[in-house]
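Predicted model follows, preceded by the sequence.
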Amino acid sequence: MKVTIFPLQDFPLINPRDDIEEILITELRKINLIDDDILVIAHTIISKAENKVYNLHEVIPSSFAQQIGELQDKDPRKIEVILQESREIIRMNERVLITATKHGFICANSGVDKSNTPGDTLISLPDDPDLSARRIRKRILTELGKNVAVIISDTFGRPLRVGTVNVAIGVAGIDPVDDLRGRKDLFGYEMQSTFVARADEVAAAAGLVMGQADEGTPVIIVRGVKYNQADAYATNLNRDPQTDVFR
């Protein structure tokens, strides 16, 4: 299997309420998109287009946000945004705030980020990344006639590893989890409990080209990956809290 990863070059800056689908279609017309390609899209441009942008001058922190801000020496207005985008605080100390987002993703600061947004503004995750991915995939199929998969990604830290990695927070046209139970390994042993986070693997690979600083390449094409097409959801990657031994 040969895998090719390349960006949509010179992708325009996205502003709140831009028609992200129309912009993507315009840019994709410039390349030779083929069936079974996978588009990995940084959530930031989706969030901006869907106006998931907070102006800190308009945020009034709660007393709880002020308490956490004092504990962590951080802007309580940012803490307030993090709390609004979360459904549960998982861990908190003087340095970090780990939450479960409204989607059920466990990550630092509910995925709220200052990167790649100007002035005193913050970007949060899209309200429904799976729905956003489905809309984009449908528009591509309708206007370009290409049957592709779409992954919306963000960078998450990992509890037992240093550093962040690109992961899938929204999917369309791809099963995010490959169930390998029942398959044989090289020595004939039957796999009993092997699940592969396929969408996360693709997102991580795209992250090598996407970058996280000033690269300006929020849309990546991954070509050559074998995957199962499915009407599935990125939340399928969330571990059941009852089996989560780290909580």
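In hand now; what should we look at?

Any stretches of this protein with poor pLDDT?
115-116, 180-182, 184-193, 212-215, 247 (pLDDT under 70).

Which stretches in it count as strands?
Assigned by DSSP state E, the chain shows strands spanning 4-7, 38-42, 53-55, 86-92, 97-101, 106-108, 121-123, 149-158, 161-172, 178-179, 195-196, 219-223.

Can you dump the C-alpha atoms of stretch 94-112 in CSV for me?
The C-alpha trace of stretch 94-112 is given here as CSV (Å, rounded to 0.1, in the frame of the first residue of the first chain):
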residue,chain,number,x,y,z
GLU,A,94,-2.8,24.6,39.4
ARG,A,95,-1.6,24.0,35.8
VAL,A,96,-4.2,22.1,33.8
LEU,A,97,-7.9,21.9,33.3
ILE,A,98,-9.0,18.6,31.7
THR,A,99,-12.7,18.4,30.7
ALA,A,100,-15.2,16.3,28.8
THR,A,101,-16.6,18.4,26.0
LYS,A,102,-20.3,18.4,25.1
HIS,A,103,-19.4,15.8,22.5
GLY,A,104,-17.8,13.5,25.1
PHE,A,105,-14.2,14.1,24.0
ILE,A,106,-11.8,14.3,27.0
CYS,A,107,-9.1,16.9,26.4
ALA,A,108,-7.4,20.0,27.8
ASN,A,109,-9.6,23.2,28.0
SER,A,110,-12.6,21.7,26.1
GLY,A,111,-10.6,22.1,22.9
VAL,A,112,-10.8,25.9,23.3
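
For that stretch, buried residues please.
97-103, 105-112 (16 or more other C-beta atoms under 10 Å). C-beta here means a position set from N, CA and C on the backbone, and glycine is covered the same way.

Same question for stretch 226-241.
By neighbour count on 16+ other C-beta under 10 Å, the buried set for stretch 226-241 is 227, 232-234, 237.

between the residues you listed, which is closest to Ile152?
Distance to Ile152 across those (C-beta to C-beta) is lowest for Ala234, with 7.6 Å.

Greatest separation within the buried residues of stretch 94-112: which pair is it?
That would be Leu97 and His103, which, of the buried residues of stretch 94-112, are the farthest apart (C-beta to C-beta) at 17.0 Å.

Which positions in the helix ranked longest in the chain come out as buried?
In the chain, with assignment by DSSP state H, the single longest helix is helix 129-144. Buried residues in helix 129-144, defined by neighbour count with 16+ other C-beta under 10 Å: 129-130, 132-137, 139-140.

What are the structural domain limits within the protein?
1-52+125-239, 53-124 (automatic domain parsing).

Val202 against Asp37, yeah?
No: between Val202 and Asp37 there is no contact under C-beta atoms under 8 Å: 11.0 Å.

So for those two, which sits in the more crowded spot?
More crowded of Val202 and Asp37, by other C-beta atoms under 10 Å: Val202, with 26 against 21.

gap between that one and Val196?
Noted for Val202: a distance of 11 Å to Val196, by C-beta to C-beta, to the nearest Å.
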